[in-house]
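# Could you look at this predicted model? Sequence included:
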Amino acid sequence: MKPHTLLKSAFFLAFTCLACHIPAQDLTEDYSFFRYQDIPVSHSGHTLELPWAGGINGVRFSEIDLNLDGVDDLFAFEKHGNRILPFLRRNDRYVYAPEYARRFPDLHDWVILKDYDGDGQADIFTYGLAGIRVFRNTSDTALSFHPVTEQLTAFYYNGYVNIYASPDDYLVIDDIDGDGHLDILNFWVLGKYVHHLRNYSNNPETFDFHLESECWGHFEEAADNNAITLNSDCSSKSDDGHTRHTGSSMLLHDFDHNGLPDILIGDVDYPNLILLYNHGTIQEAHMTGHDTAFPVGNPVHLYSMPVPSLAHLPNQDNPTLLVSPSDPSLVKSQDLNSVWRYDYDSLLQQYTLSNTAFLQEEMIDIGSGCHPVLYDWNGDGLTDLFLANYGSYDSSHLVNGFLTSFFSSSIHYYQNVGTAQQPAFQLQDTDFGKLKSLNLKALHPTFGDFDGNGQTDMLCGQEDGTLLVVPHQRLITGSGTITVNYQSIDAGKFSTPVFFDLDRDGRNDLIIGNQRGLLSYYRNIGTTTNPVFTLITDTLGGVDVRNAGQSYYGYSVPCLYRDSLNGTTLFCGSEQGLIFYYKDLDGHLDGLFTAQGALWESEDADCQYCASSLREGRRVGAAIASLDNDAKPEAIVGNYAGGVAFLQGRTPVMHHASIPSGHTPAFSIYPNPTGNILHIRSEYNSVESAVVYDMFGKLLLHSHDNILQLESLPNGVYILEINHSTRIKVVKVGR
């Protein structure tokens, strides 16, 4: 028998045996979580309204009716980590509603929601492969979208070609000429000039873009800075020896109320918005004046590349201007107070600054990066929460024409002031151990006695890979000598240590993640009070959380959890935003750990039909512990936007298999295991989408058909996620 036939037979046998014990096609997890918003968090006597929304560094806002109640809600998209933040409008406030994020298709780089077909529902325009993808809003009883095109085209000169778009530019999608159809403004491929692509379609459900003007507004942007030249004829098509810096944002709006659309422009490496005034005609825009310090009085100053958007907020007669940075780099932009809100003052007839942390001020947000660590610091039997960042933004300046920004890391301490059954967190210190003044980056704490005096110290990893020890006295009083280069340990850049008795010998060891995405294991060969660490391996368990398709790096962030049921489990955060977990560590420290793929989350505590991969942005880290005394661990997950999500633990279930009595399953999959073709039978006769992942959460195939062609996939076990309306089914598939 051929090897691949043997392998297929083995998978068939495995699934056949599985079917002898549980219903076929079930997916059983060792740990199960659902997002929970009701754990209170307070700061300076104020209870936060959106504590677990995950923080914000830079977002662009759009309006959309998420729950189909006839009222527009707020949609925010963060470029870094491709995070979708949905907020339901409830009277005069917004409520974080993460369950709606899963109703959107895979989106990346930038998103603009606009109604193109006139049905009153916002559709999706988003970045594709150097172009624009479109999804139509097909919501009926629940929010849903259908793909329209992977690449919008336009008629240029002699024929139709793909419309160019950059992943780092926010272009304009709006009715520019007042004919009721959405048009496009985008920068020429080398920058400088804005092209007008007019939509000539007479059918609201289709597009027919033509290049209407190569010099919309008769202005040009400089090649090496954000200077604007007015009254240009756009005649120079050379790049003048310069390579245009990527990144510009645009917003169209009649700011001076003369009936003509003006344009607001932001640029990478610069903190301001430039308003260009249109004094041409509706047929031909002509910018005759500009304001480099907009709005008057309190101009935008947000490093880097401020992105403006308009939204109709509660209690406002005019649209509100919302501005947030969107620099392509992770280490340039403002992160705290990075969502500026300008309300329109009808008496002054101008926009006035009303808030510099819109929505953000109601969240846990510690800057750029957030790694949570759980530890009972004050010994009261309640687990406290520590949050460490890569850093928070301090300042910026230009060096040889390039923007350089400065960040410094700190650790925030939230005391658990709740009960053993119900945690509640209160911010006590934004600079625990007084480390921010040291101008370090990427601190990551773990706790234990590292100097042998019987008191708890804090050991921290950092950007350069070495470790430092903050003594107990400094943690209490703010003064005391820090030990740098602790025991000459260097586990690689962005070290993330955990102090844990991995080999069960009664002495805590060090397990350290790093930028490479691997784990190092340093065994404690000293004592419990005077630890001495020796390197055993820098590839512990064969763990490697890199995704070569996304990054050269993995940024592993380990967390160890031990219970009576599953023994020792390793959870590991990653650059790609997934939390991986590994079983069977006990007795296998010299071999490979059993990889279980990535953690999944359910929509709510009782849901058995709506699980999906837990993905919380970029460079995530997780702290796992039982916080409500029910033996089921909770998960607190941090991300690069500086915030955290709280996930309540629940009894693991067989997703989509434990069918309530009398309920007919919405979907069936056959044959399973399969060969080249997999059939999906649905009570709806169709599916919105079918997505195939590998066991580590990597997307392999995306379809909108009931028949999947799998011939391109090697033999193995995969995860299939089927979506239709409010129903989601997740199942293991063998091939």
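Arrived safely, thanks for sending.
# all contacts plus neighbour counts: C-alpha atoms, from now on.
Noted.
# okay, now the residue nearest to residue 590 when sequence neighbours are not counted: neighbour count?
Distances taken as Cα to Cα, 6 or more residues apart in numbering place residue 541 nearest to residue 590, at 7.1 Å, with adjacent residues excluded. By the criterion of other Cα atoms under 10 Å, residue 541 has 22 neighbours.
# Just to check, residue 541 is in contact with residue 591?
Yes - using Cα atoms under 8 Å, residue 541 is in contact with residue 591, at 5.7 Å.
# Give me the three-state assignment for residue 437.
Secondary structure, DSSP: H, G, I helix; E, B strand; the rest coil: residue 437 is helix.
# What residues does it make contact with?
residue 408 (Cα atoms under 8 Å, 6 or more residues apart in numbering).
# try 10 Å this time
408, 409, 410, 431 (Cα atoms under 10 Å, 6 or more residues apart in numbering).
# now do residue 106
So residue 106 contacts 82, 84, 126, 702 (Cα under 10 Å, 6+ apart).
# circling back: tell me the contacts of the residue nearest to residue 590?
Residues near residue 541 by Cα under 10 Å, 6+ apart: 518-521, 570, 582, 585, 588-595.
# Not counting its neighbours along the chain, what's nearest the most centrally placed residue in the chain?
Nearest to the mean C-alpha position of the chain, by Cα atoms, centre = their mean, lies residue 617 at 2.3 Å. Once flanking residues are discounted, residue 617 sits nearest to residue 81: 4.0 Å by Cα to Cα, 6+ apart.
# ranking the contacts of residue 541 by neighbours, who comes first?
residue 519 (30 neighbours).
# Please tell me how far that one sits from residue 387.
Using Cα to Cα, to the nearest Å, one obtains 21 Å as the distance from residue 519 to residue 387.
# do residue 556 as well
Distance from residue 556 to residue 387, by Cα to Cα: 16 Å.
# Please say which of those two ends up with more neighbours.
Higher neighbour count among residue 556 and residue 387: residue 556, with 32 against 27, using other Cα under 10 Å.
# What is the burial count for the closest residue to that one other than its chain neighbours?
Once flanking residues are discounted, residue 556 sits nearest to residue 517: 4.4 Å by Cα to Cα, 6+ apart. Counted with other Cα under 10 Å, the neighbours of residue 517 add up to 25.
# Regarding residue 232, what is its secondary structure?
Residue 232 - assigned by three-state DSSP - is coil.
# and it, what pLDDT?
pLDDT for residue 232: 92.
# again with residue 653
On the pLDDT scale, residue 653 gets 57.
# Ok, the one 4 residues further on next?
Each residue has a pLDDT score; the one for residue 657 is 33.
# now swap in residue 190 and tell me
According to the prediction, residue 190 has pLDDT 81.
# Tell me the secondary structure at the residue nearest to residue 590.
Classified using three-state DSSP, residue 541 is helix.
# quick one: it from residue 274, how far?
Residue 541 is 53 Å from residue 274, by Cα to Cα.
# Over to residue 560?
In terms of Cα to Cα, residue 560 sits 50 Å off from residue 274.
# Same question for residue 552.
Residue 552 is 37 Å from residue 274, by Cα to Cα.
# What of residue 60?
Residue 60 is 18 Å from residue 274, by Cα to Cα.
# How about residue 143?
Relative to residue 274, and taking Cα to Cα, residue 143 is found at 36 Å.
# quick one, which of those two is more surrounded?
residue 274 (22 against 19).
# Looks to me like the more buried one is in a strand.
Yes - with three-state DSSP as the criterion, residue 274 is part of a strand.
# ok, and the closest non-adjacent residue to residue 484?
Residue 484's closest residue in space is residue 468 (Cα to Cα, 6+ apart), at 4.4 Å.
# That neighbour reaches residue 451, doesn't it?
No - assessed by Cα atoms under 10 Å, residue 468 is found out of contact with residue 451, at 11.6 Å.
# Need the overlap of contacts for those two.
residue 483.
# And the two? Which one has more around it.
More crowded of residue 468 and residue 451, by other Cα under 10 Å: residue 468, with 21 against 17.
# and that one, that's in a strand?
Yes - under three-state DSSP, residue 468 falls within a strand.
# Enumerate every residue touching it.
Counting by Cα under 10 Å, 6+ apart, residue 468 has contacts 443, 445, 458-462, 482-489.
# Can you tell me which of these end up in strands?
Counting by DSSP state E, the part of the contacts of residue 468 found in strands is 445, 458, 459, 460, 461.
# Report how many residues lie close to the nearest residue in space to residue 709 that is not next to it in sequence.
In space, and not counting its chain neighbours, residue 709 is closest to residue 677: 4.9 Å by Cα to Cα, 6+ apart. The number of residues packed near residue 677 is 13, by other Cα under 10 Å.
# my guess is residue 677 contacts residue 733, does it?
No - applying Cα under 10 Å as the test, residue 677 and residue 733 come out as separate, 11.6 Å apart.
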